[in-house]
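J.: Got a sequence here, can you build the structure:
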Amino acid sequence: MGIQEDIQAVEDEIRKTSYNKATSHHIGRLKAKLARLREEVVKKASTKSGGDGYSVKKSGDATVALVGFPSVGKSTLLNKITGANSEVGDYEFTTLDVIPGVLDYKDATIQVLDVPGLVRGAASGRGRGREVIAVVRNSNLVLFLLDVFQPEHYKVLIQELYDAGIRLNTTPPDVVIKRKDRGGVTISTTMELELTDDLIKAVLGEYKIHNAHVLIRDNINVDELIDVIMGNRVYVPSIIVVNKVDLANEDILNKMEYLFPDATFISANEEKNLEAVKDLIYDSLDFIRVYLKPQGGLADMDEPLIVTDGVTVGDICERLHRDFRDKFRYSQVWGASAKHPGQRAGLDHYLEDGDLLTLIIQK
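T.: Numbering: from 1, shown residues only. Below is the predicted model of the structure:
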């Protein structure tokens, strides 16, 4: 029996097993086994395709990946909002490579990537899916572009990204697993969990972790525990844009608005509501401004660095010059992230909107 047959057998068993307290342990072990088998498929697909994905250099203040089925209008949208020159056609798989465009908006420079259309089975390598997903994993935001006549595509897309280890609109569970040489598995929690210690140990055992200390600060489920164990998940925000509204009647539009109440509705071809898309992209990226202040001088308050929330001093160093991190001595910070004006801070200090930053570099 091959891996795909093993996966199908496990999926079938999960599907036919009623979930309750008595079966939770069994289902938990099945889910752990399923995740492990899927990871094997992903690794084989990556090896077969070379594993490198498309060669796309990240640039600008943030990167947005346009994700959708073939022929939903990604190339048209990219061309309209960035002026890029992505080939447009009425047939599937027009885009066979990643096409970058640049959206300059509200002092931010945003890289927008038109990736080849995702199809069912992309996480397993179908339709160059692994290469596309590698680009999505490295983006700061996923923009799902849906055809107004094809709402079912959304579930397929999010499932493919989920199977590829991309977690949308959520944060990593607050769980730390430290492996040990001996002593078995010990579990520490800061709250009452739905998961039992026996189930946690059983899931760890599926990955041959028999000696470890597990610290849990979230009321996680078994899927989140598996994500922590795998250690290769990425957490990315996402937004939904529905295209081709100029071709739909009122009933279809009402249905889509009911299914996707937070979506932005556009016609890329007719350039309808594209400014709202730009606003949506900008607002969803959680940009902050950091002002550079030379040592002993005044901060440049006219041209801040536009960066995404969660940026560190080290990230700023890497952005400014490739040698700054290696030659870094210390920094001084004024603003919301500083305990006091001019606080000395290291590379791992997180900055906040409006901070003033001085970098002290070895000469």
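
J.: Wait, a helix at Lys208?
T.: No - assignment of Lys208 by DSSP: H, G, I helix; E, B strand; the rest coil gives coil, placing it outside any helix.

J.: For it, what are phi and psi?
T.: Here is the backbone geometry of Lys208 (degrees, to the nearest 10): phi 60, psi 30.

J.: start to end distance for stretch 168-180?
T.: Criterion CA to CA, to the nearest Å; first-to-last residue distance in stretch 168-180 is 32 Å.

J.: Now do the residue sitting furthest away from the middle of the chain against Lys363, distance only.
T.: Distance to the chain centre peaks in the chain at Gly296, reaching 39.5 Å (criterion: CA atoms, centre = their mean). In this structure, Gly296 and Lys363 are 15 Å apart, going by CB to CB, to the nearest Å. Quick note: C-beta positions are derived from backbone N, CA and C, even for glycine.

J.: Check Tyr19 too.
T.: 63 Å.

J.: Look at those two and report which has more neighbours.
T.: Shown here are Tyr19 and Lys363; by other CB atoms under 10 Å, Tyr19 has more neighbours (10 against 5).

J.: so that one makes contact with Ile27?
T.: Yes - between Tyr19 and Ile27 a contact is recorded at 6.0 Å, counting by CB atoms under 8 Å.

J.: I'd like the next helix or strand past the helix or strand where His26 lies.
T.: Under the criterion of DSSP states H and E, His26 resides in helix 24-49. The helix or strand immediately downstream of helix 24-49 is strand 62-67, counting by DSSP H and E.

J.: Each with direction, which strands does that next one pair with?
T.: Applying DSSP bridges to the sheet, strand 62-67 is found paired with strand 108-114 (parallel), strand 141-147 (parallel).

J.: The ones you listed: lowest mean pLDDT?
T.: Among the strands paired with strand 62-67, strand 108-114 carries the lowest mean pLDDT, a mean of 91.

J.: where along the protein do the helices fall?
T.: 3-16, 24-49, 74-82, 129-137, 153-163, 197-206, 222-230, 250-259, 274-284, 313-320 (DSSP state H).

J.: any chance of those helices in TSV, with mean neighbour count too?
T.: Listed next are these as TSV, based on neighbours: other CB atoms under 10 Å:
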stretch	mean neighbour count
helix 3-16	13
helix 24-49	17
helix 74-82	23
helix 129-137	23
helix 153-163	18
helix 197-206	17
helix 222-230	20
helix 250-259	12
helix 274-284	17
helix 313-320	18
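
J.: what's near enough to touch Tyr19?
T.: Neighbouring residues of Tyr19 by CB atoms under 8 Å, 6 or more residues apart in numbering: Ile27.

J.: Please tell me how far it sits from Leu143.
T.: 34 Å.

J.: How about Thr189?
T.: Applying CB to CB to Thr189 and Leu143 gives a distance of 37 Å.

J.: cool, and Asn169?
T.: Asn169 is 13 Å from Leu143, by CB to CB.

J.: Now for the two: what residues contact both?
T.: Ser238.

J.: Settle it for me: which of those two has more neighbours?
T.: Remark: of Asn169 and Leu143, Leu143 carries more neighbours, 23 against 12, as counted by other CB under 10 Å.

J.: In the sheet, which residues pair with the more buried one? Tell me.
T.: Going by DSSP bridges, Leu143 forms beta bridges with Leu66, Ile239.

J.: My read is that it contacts Ser238, right?
T.: Yes - Leu143 lies in contact with Ser238 (CB under 8 Å); the separation is 7.3 Å.

J.: hang on, the earlier thing: with distance to Thr109 and mean pLDDT added, can I get the helices of the chain in TSV?
T.: Written out in TSV, the entries for these read as follows (distance: least, CB to CB, whole Å; pLDDT from 0 to 100):
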stretch	distance to Thr109	mean pLDDT
helix 3-16	42	85
helix 24-49	31	76
helix 74-82	11	93
helix 129-137	18	77
helix 153-163	26	91
helix 197-206	43	92
helix 222-230	32	94
helix 250-259	32	97
helix 274-284	11	96
helix 313-320	12	92
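
J.: want to throw those helices into a markdown table with distance to Asp353?
T.: Below are the helices of the chain laid out as a markdown table (distance: least, CB to CB, whole Å):
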| stretch | distance to Asp353 |
| --- | --- |
| helix 3-16 | 44 |
| helix 24-49 | 37 |
| helix 74-82 | 25 |
| helix 129-137 | 27 |
| helix 153-163 | 29 |
| helix 197-206 | 39 |
| helix 222-230 | 30 |
| helix 250-259 | 33 |
| helix 274-284 | 14 |
| helix 313-320 | 14 |
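
J.: And those helices: which comes nearest Glu352?
T.: For the helices of the chain, proximity to Glu352 was assessed by CB to CB; helix 313-320 is nearest, at 12.0 Å.

J.: What lies in contact with the closest one?
T.: Applying CB under 8 Å, 6+ apart, the external contacts of helix 313-320 come out as 290, 305, 307, 324-325, 328, 331, 333, 345-349, 351, 357, 359.

J.: now those: which count as buried?
T.: Among those, those scoring as buried are 290, 305, 307, 324-325, 328, 331, 333, 345, 347, 349, 351, 357, 359 (criterion: 16 or more other CB atoms under 10 Å).

J.: Next up, the contacts around the residue nearest to Val72 when sequence neighbours are not counted.
T.: Spatially, and ignoring its direct neighbours in sequence, Val72 is nearest to Asp147 (4.6 Å; CB to CB, 6 or more residues apart in numbering). The contact partners of Asp147, by CB under 8 Å, 6+ apart, come to 68-69, 71-73, 153, 242-244.
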